[in-house]
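Colleague: missing the sequence, but the structure's below:
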């Protein structure tokens, strides 16, 4: 609508569009605020991960596990002490045969200093080899008890690989 005029027929007034420099300034200011807001949210997200409760971290871990996003599990949730002895490719290779988690609930999370224990109730599809080698999926309700460790304020799953 650049260069056009608007007319108010009821009051017989001509209105011009705002000057271009004002629109550019507003666009740049609003765009700059958007970038600043996005950076602020990222910083808040980083601080939130460091301050997340054991239950929150365990739930996030199980969501990734359910979605089989193993690289994210390794990068963000695996105990850093274990990463030194377990290469990422070896970790990922072991997860190729993982069963399907249909649903889960973190039922209990207890902390004792920098050690934690999480109990999870889940429904899973387990592969069972039947007669003739045919694999069938069997849905089963299971529970799991996990050890977690806090390092520099962040909870990590402590697997015994």
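Modeller: Now that the structure is in, tell me what you want to look at. Not measured: the values here are computed from a predicted model. Residues are numbered from 1 along each chain as shown.
Colleague: Going by C-alpha atoms from here, please, whenever you check contacts or count neighbours.
Modeller: OK.
Colleague: which other residues reach stretch 64-80?
Modeller: Contacting residues not belonging to stretch 64-80 are listed as 61, 83, 88, 91-92, 95, 100-103, 149, 155-159 [Cα atoms under 8 Å, 6 or more residues apart in numbering].
Colleague: how does it look with 7 Å?
Modeller: 61, 88, 92, 100-101, 156-158 (Cα atoms under 7 Å, 6 or more residues apart in numbering).
Colleague: Equivalent analysis for stretch 82-91, please.
Modeller: residue 74.
Colleague: switch to 10 Å and redo it
Modeller: Stretch 82-91 is touched from outside by 70-71, 73-75, 80, 95, 157-161, with contacts defined as Cα atoms under 10 Å, 6 or more residues apart in numbering.
Colleague: swap in stretch 95-112?
Modeller: Stretch 95-112 is contacted from outside by 53-56, 58-59, 62-63, 65-70, 89, 116-127, 137, 139-150, using Cα under 10 Å, 6+ apart.
Colleague: for stretch 119-138, which positions count as buried?
Modeller: Within stretch 119-138, the residues that qualify as buried are 119-127, counting by 16 or more other Cα atoms under 10 Å.
Colleague: After the helix or strand bottoming out on mean pLDDT in the chain, which helix or strand is next?
Modeller: Least confident helix or strand of the chain, by mean pLDDT, DSSP states H and E, is helix 20-51 with a mean of 46. Using DSSP states H and E, the helix or strand that follows helix 20-51 in sequence is helix 54-66.
Colleague: So which bits of that next one are buried?
Modeller: Neighbour-count burial for helix 54-66, with 16+ other Cα under 10 Å as criterion, is recorded at 54-55, 57-59, 61-66.
Colleague: Throw those residues into CSV and include distance to residue 132 and pLDDT, thanks.
Modeller: What follows is those, written out as CSV (distance: Cα to Cα, whole Å; pLDDT from 0 to 100):
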residue, distance to residue 132, pLDDT
54, 44, 97
55, 43, 97
57, 42, 97
58, 39, 98
59, 38, 97
61, 36, 97
62, 34, 97
63, 34, 97
64, 34, 97
65, 31, 95
66, 29, 95
